[in-house]
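>>> Could you work out the structure for the sequence below:
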Amino acid sequence: MSALRRALATAASGSSTSSSSPSSLKQAGKVICIGRNYAAHIAELANAKPKQPFFFLKPPSSIVLPGEGPCLQPRGVRMHYEVELALVMGRTVRDLHAHDTQTALDSIRAYAVAIDMTARNVQDEAKKKGLPWDIAKGFDTFLPMSNIVPKAKIADPHDVELFLQVNGQTRQQGSTGLMIYRIPRIMSDISKVMTLLPGDIVLTGTPEGVGPVVPGDVMRAGVRVGGHELDEGSIEVKVEQSPSSYQFAET
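You can find the predicted model right below:
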């Protein structure tokens, strides 16, 4: 093999390894989250069912990867977990048609499991006063994520089971088949507003069973396909008190 060919092979290998590394998740330009996409979850929080998908953003700086450390509870915050299937984009998507299922699925590079942490009392106050609730979603470590799940491991993202346990007790367990709005519609609505770029992450909503965790708790989440848990989709993260000087106070 010539020196040029060896160099090209090395570069290609390095690129592939980089894109499959969990650290590549932190290179996301944006993390877009779909709200209220499971009927039972809507009911448990006494929210109204949306007439169309709605979404919000979490900063990539909130991502905490396996082995990076705990999920931190800010002072004065009532912190809730929400397990979700994450899509890792592999192509640019703009103004996608809602019925273009093939393009939507082809645009996904890989999957992951995510725990969308929410400062529930912060969010409740903001909603009550008509204020943005970015703070409730954006604290550092408020997005524990698994390793990257290769696309081949999930043949149908609408037919997997998500679960989350706290201290060994199952709190959330539900099929992605229960999504109100499926992935092509989600991607279509997002891409009509903001272009989805390679590396962006889309969280698809959470099933019922959300609830609080406190320092000392251990969260474990994952995804099952055909009843078998995928090792790459496993998350185990401790909850600890945040050392930050932040203290929740009424706005």
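>>> How about the contacts made by the closest residue to residue 37 other than its chain neighbours?
Using CB to CB, 6 or more residues apart in numbering and skipping the chain neighbours, the partner closest in space to residue 37 is residue 205 (2.7 Å). (Each C-beta comes from the backbone N, C-alpha and C, glycine too.) Residues near residue 205 by CB atoms under 8 Å, 6 or more residues apart in numbering: 34-38, 41, 84, 179-180.
>>> and residue 205, what element?
For residue 205, there is no host helix or strand (DSSP states H and E).
>>> any idea of the mean pLDDT for stretch 225-234?
For stretch 225-234, mean pLDDT is 97.
>>> distance between the ends of that stretch?
Stretch 225-234 has an end-to-end distance of 13 Å (CA to CA, to the nearest Å).
>>> How far does it sit from its chain's centre?
16 Å (CA atoms, centre = their mean, to the nearest Å).
>>> just to revisit the earlier point, could the contacts of residue 205 go into a markdown table alongside distance to residue 25, neighbour count and secondary structure?
Formatted as a markdown table, the contacts of residue 205 follow (distance: CB to CB, whole Å; neighbours: other CB atoms under 10 Å; DSSP: H, G, I helix; E, B strand; the rest coil):
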| residue | distance to residue 25 | neighbour count | secondary structure |
| --- | --- | --- | --- |
| 34 | 18 | 27 | strand |
| 35 | 21 | 18 | strand |
| 36 | 24 | 18 | coil |
| 37 | 21 | 27 | coil |
| 38 | 23 | 23 | strand |
| 41 | 24 | 22 | helix |
| 84 | 14 | 27 | strand |
| 179 | 22 | 22 | strand |
| 180 | 26 | 17 | coil |
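>>> for these, which one is nearest residue 115?
residue 84 (7.5 Å; CB to CB).
>>> What's opposite the closest one in the beta bridge?
With DSSP bridges applied, residue 84 shows beta-bridge pairing to residue 114.
>>> ok, it - contacts?
Counted by CB under 8 Å, 6+ apart, residue 84 has contacts 33, 113-116, 162, 203-206.
>>> Out of those, flag the one nearest to residue 250.
Of the contacts of residue 84, the one sitting nearest to residue 250 (CB to CB) turns out to be residue 116, at 24.1 Å.
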